[in-house]
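**Q** With the sequence up front, the predicted model follows.
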Amino acid sequence: MTKRRLLASLGAALGWMPFAASVPSAAQPQAKAPKSLRLYVFDCGSIKGLDPAIFHFKKEDLAGVDFIVPCYLIAHPKGTLLWDVGVIPDSAFQPDGAPVTQGISTVTRTLKSQLAAIGYTPADITYLAHSHYHSDHTANSNDFAGATWLVQQAERDAMFAEKPAGIIQQASFSALRNSKTVLLHGEDFDVFGDGSVIIKSAPGHTPGHQVLFLKLKKTGPLLVAGDLYHYPEERFTDKTPTFEFNHDQSLASRAAMEAFLKKSGAQLWIEHDRATFLKLKKAPAYYE
């Protein structure tokens, strides 16, 4: 299969499709600002049936082929940051709330219902950021267009390019075009100004791919790695997916982040890795 066909197939499998129905949510008490940093982990779906050859692996060389799709809420005394927003939009759910499957992607719960369960609505989100623009990370973006969008300039340019890149669904984030936006240019961005939540540039997978560094008082330092890696088996190899924007740039970003992990003592969370996700506490539990 050609690279073009691989991109087209994966893009269609991860694609966004509009549905009119949405799931009504019951009234929830409003969350209070925490006294210290909290991290909530949400289940935003799964992707099954991926071809490991796209990642230059054989199936037997990977502990697990299928992806988990997580979303994260960072609650800080000064506000909130929502990091990555899923593979299928909440609007795809019917009123009965039954799981939704599109292509090889399945979601069992809406993102907004998981937020509501801990007392948050889209209006409570101060900042929105994606690790990158691929459609399995952007599905619910329009629901949070009222937040301030934190994005690399190169990434925003690619997202709204006249000729869109592969594995992208512009309709899922079209409302962000008019959102209040902080454009980043490869520098570290201290979200709340106290060093506890820092966005770090790690380009290569996409032009403006970025990762999230957290300093949690009890859990310790943590790097949420986006798609810097998809599988643990990718670490310390030169393998990147066939749909990588820039292979050499990705390897340079990986080297920089590995050095940062050693210097900071941070643990690494590979977002799509099922084994990692299964071990994590899920909302309404949280890390602090």
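**A** Thanks, I have it.
**Q** Look up phi and psi at the most centrally placed residue in the chain.
**A** Closest to where the C-alpha atoms of the chain average out (Cα atoms, centre = their mean) is Asp84, at 3.0 Å. With angles defined as degrees, to the nearest 10, Asp84 sits at phi 70, psi 140.
**Q** Please tell me how far it sits from Pro77.
**A** 22 Å (Cβ to Cβ, to the nearest Å). In short, each C-beta sits where N, CA and C put it, glycine included.
**Q** Spit out the contact partners of the closest residue to the residue nearest to the centre of the chain other than its chain neighbours.
**A** Take Asp84 and drop its neighbours on the chain: the residue closest to it by Cβ to Cβ, 6 or more residues apart in numbering is His137, 4.6 Å away. Residues in contact with His137, defined by Cβ atoms under 8 Å, 6 or more residues apart in numbering, are Val69, Asp84, Val85, Gly86, Val87, His130, Ser131, Gly226, Asp227.
**Q** quick one: what helix or strand has the fourth one in it?
**A** Element membership of Gly86 [criterion: DSSP states H and E] is none; it lies in no helix or strand.
**Q** so it sits right up against Val107, yeah?
**A** Yes. Using Cβ atoms under 8 Å, Gly86 is in contact with Val107, at 6.8 Å.
**Q** Report pLDDT for the residue nearest to Leu280 when sequence neighbours are not counted.
**A** Spatial nearest neighbour of Leu280, excluding adjacent residues (Cβ to Cβ, 6+ apart): Val41 at 5.1 Å. You'll see Val41 listed with a pLDDT of 98.
**Q** Secondary structure element holding Val41?
**A** With elements taken from DSSP H and E, the one containing Val41 is strand 38-47.
**Q** wait, what's in contact with Thr276?
**A** When contacts are counted by Cβ under 8 Å, 6+ apart, Thr276 touches Pro232, Trp269, Ile270.
**Q** Next step: these restricted to helices.
**A** Among the contacts of Thr276, no member is found in helices (DSSP state H).
**Q** And the buried ones among these, selectable in ChimeraX?
**A** Filtering the contacts of Thr276 down to the buried ones (16 or more other Cβ atoms under 10 Å) takes a single ChimeraX command:
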select :269,270
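**Q** hmm, back to that, which other helices and strands contact the strand holding Val41?
**A** Here strand 38-47 touches strand 67-76, strand 105-107, helix 111-117, going by 3 or more Cβ pairs under 8 Å, 6 or more residues apart in numbering; DSSP states H and E.
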